[in-house]
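A.B. asks: This is the structure alone, sequence omitted:
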Ligand SMILES: Cc1cc2nc3c(=O)[nH]c(=O)nc-3n(C[C@H](O)[C@H](O)[C@H](O)COP(=O)(O)OP(=O)(O)OC[C@H]3O[C@@H](n4cnc5c(N)ncnc54)[C@H](O)[C@@H]3O)c2cc1C
Ligand code: FES
């Protein structure tokens, strides 16, 4: 567990420059600047990150992107810091927390006057959708504020090593992490853009006039409040869990969570891996694990055929990895950590077929069983939601121009429907133009650009693999 990768066919880990030391429950941990605290702990062999609130059983990381709450720790006396999205720093003191921690007395829940500010466009989330939204808005003379709870911008693009399809305008030929770097650098050069990383938009308080949004930087104990003329929510998605005995063992992880450790931080999340789910994420992560030096024991898929693209499945098969369709995981075996998993064949009604069980030894059991849009902020703000299974669950109703049922709150990317990064970027730019037009009026050049982008998005969505999304979108369109 936690072996650092130094040689990789695509990724270059020479960013690992300066070494830093920090303290974990009295032990000195060596890390590299640019890593999350969680990644450094994992590399140091520390994989018990918390304990189940009811069971008291040890828990390891699951998502590694700030969504699952299995990594709350106390950092320099401040509780509830998600160490998977918090950077290592020289000399910090980190300890695990059991149960609900004491809130330090010195903390105030008052927002200081100097921490209240206004902006024209607030973008929540700096993944492909949010970066694209902030960049587009910044080109039209308005004040833009971008917040992201991670310490680095880029969202899920940061861990994507495959080359994107499409035209140059859609970043065709570039790898995901390269697109993240490019957009982040471009945004940093804009004078009318304020960027807050390590900052969570935790609530929308008032939508009657300017939209009041609460921002918190937990690790600095800093609360802010922003009054925004318009808000674009781009909070992404979280990975789904599965119910089976042993699913809380250390080593049961989201496939995207493993991808984060491996591709963003160069830390091999496990040596022998079983993957549940042969959609694109399962297949891509399986291939990337092989590239990074892990052994992928098998991929199991409950459907009669894998759901990901043929090209990804073919790459996996070339390595001799079996893909067992009509199979699922029945149980994870182990004491505190996964040591093996029982897989089983299912019948046409997805019921396990007795006698078909087999035990697969593994120390990492990855769940690649879909994503759920992160709509918490939108739902809390009162945006009307609808359950649309084709789009990943509860999603906000929206107009063609991506405005929700709450005036001046717009959406883009995975929080609006599970799709992919290119469409997230196109949506981000469309939502930005809609927000800008609320402020500066419907200038013909803005209307024209938005129509061009809408056409591009529609053309892109004509791809057969996006047929389900197209169907789902018909159910949420209003106005
Ligand atoms: C775990 C995972 C793995 C994936 N792997 C692949 C892959 O291998 N290949 C592929 O083609 N596609 C993959 N995708 C899909 C693709 O990456 C997404 O469709 C795309 O990144 C969506 O972009 P987004 O900007 O909507 O969300 P994201 O890229 O998820 O960005 C959301 C951002 O919002 C921030 N955020 C969330 N909530 C708040 C808040 N309240 N306050 C402040 N900031 C907040 C997050 O920190 C994050 O940076 C993956 C998606 C996920 C979730
Ligand atoms: S929130 Fe940190 S591992 Fe999920």
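C.D. replies: In hand now; what should we look at? These figures come from a predicted structure and were not determined experimentally. Numbers count the residues shown, from 1 in each chain. Ligands and ions are numbered 1, 2, ... in the order given.
A.B. asks: of all the residues in the stretch 301-450 of the chain, which ones are close to ligand 1?
C.D. replies: Applying C-beta under 6 Å from any ligand atom, we find that the stretch 301-450 of the chain lies next to ligand 1 at 371, 374, 377, 413-415, 419-421, 424. All C-beta atoms are positioned from the backbone trio N, CA, C, and that covers glycine.
A.B. asks: Residue 3: neighbouring residues, count only.
C.D. replies: Per other C-beta atoms under 10 Å, the neighbour tally for residue 3 reads 17.
A.B. asks: Quick check: the gap between the closest residue to it other than its chain neighbours and ligand 2.
C.D. replies: Excluding its sequence neighbours, the residue lying closest to residue 3 (C-beta to C-beta, 6 or more residues apart in numbering) is residue 268, at 4.5 Å. As defined by C-beta to the nearest ligand atom, to the nearest Å, residue 268 lies at a distance of 17 Å from ligand 2.
A.B. asks: in the helix or strand where residue 455 lies, what's buried?
C.D. replies: Using DSSP states H and E, residue 455 falls within helix 444-460. Within helix 444-460, the residues that count as buried by 16 or more other C-beta atoms under 10 Å are 446, 449-450, 453-454, 456-457, 460.
A.B. asks: what mean pLDDT would you report for it?
C.D. replies: Mean pLDDT, helix 444-460: 97.
A.B. asks: Helix or strand next in line after that helix, which one?
C.D. replies: Following helix 444-460 toward the C-terminus (DSSP H and E): helix 467-474.
A.B. asks: That next one packs against which elements?
C.D. replies: With contacts defined as 3 or more C-beta pairs under 8 Å, 6 or more residues apart in numbering; DSSP states H and E, helix 467-474 has no helix or strand neighbours.
A.B. asks: what distance separates that helix from the middle of the whole chain?
C.D. replies: 22 Å (C-alpha atoms, centre = their mean, to the nearest Å).
A.B. asks: Likewise for stretch 158-170?
C.D. replies: The answer for stretch 158-170 is 17 Å, by C-alpha atoms, centre = their mean.
A.B. asks: Quick one: check that stretch for contact with ligand 1.
C.D. replies: Yes. Judged by C-beta under 6 Å from any ligand atom, stretch 158-170 comes into contact with ligand 1 at residue 160.
A.B. asks: Over to stretch 459-475?
C.D. replies: No. Contact of stretch 459-475 with ligand 1 (C-beta under 6 Å from any ligand atom) is absent, the minimum separation being 11.0 Å.
A.B. asks: Buried ones in that stretch, by neighbour count?
C.D. replies: Buried-residue list, stretch 459-475, by 16+ other C-beta under 10 Å: 460-461, 466, 469, 472-473.
A.B. asks: Stretch 213-220 now?
C.D. replies: Buried-residue list, stretch 213-220, by 16+ other C-beta under 10 Å: 213, 215-219.
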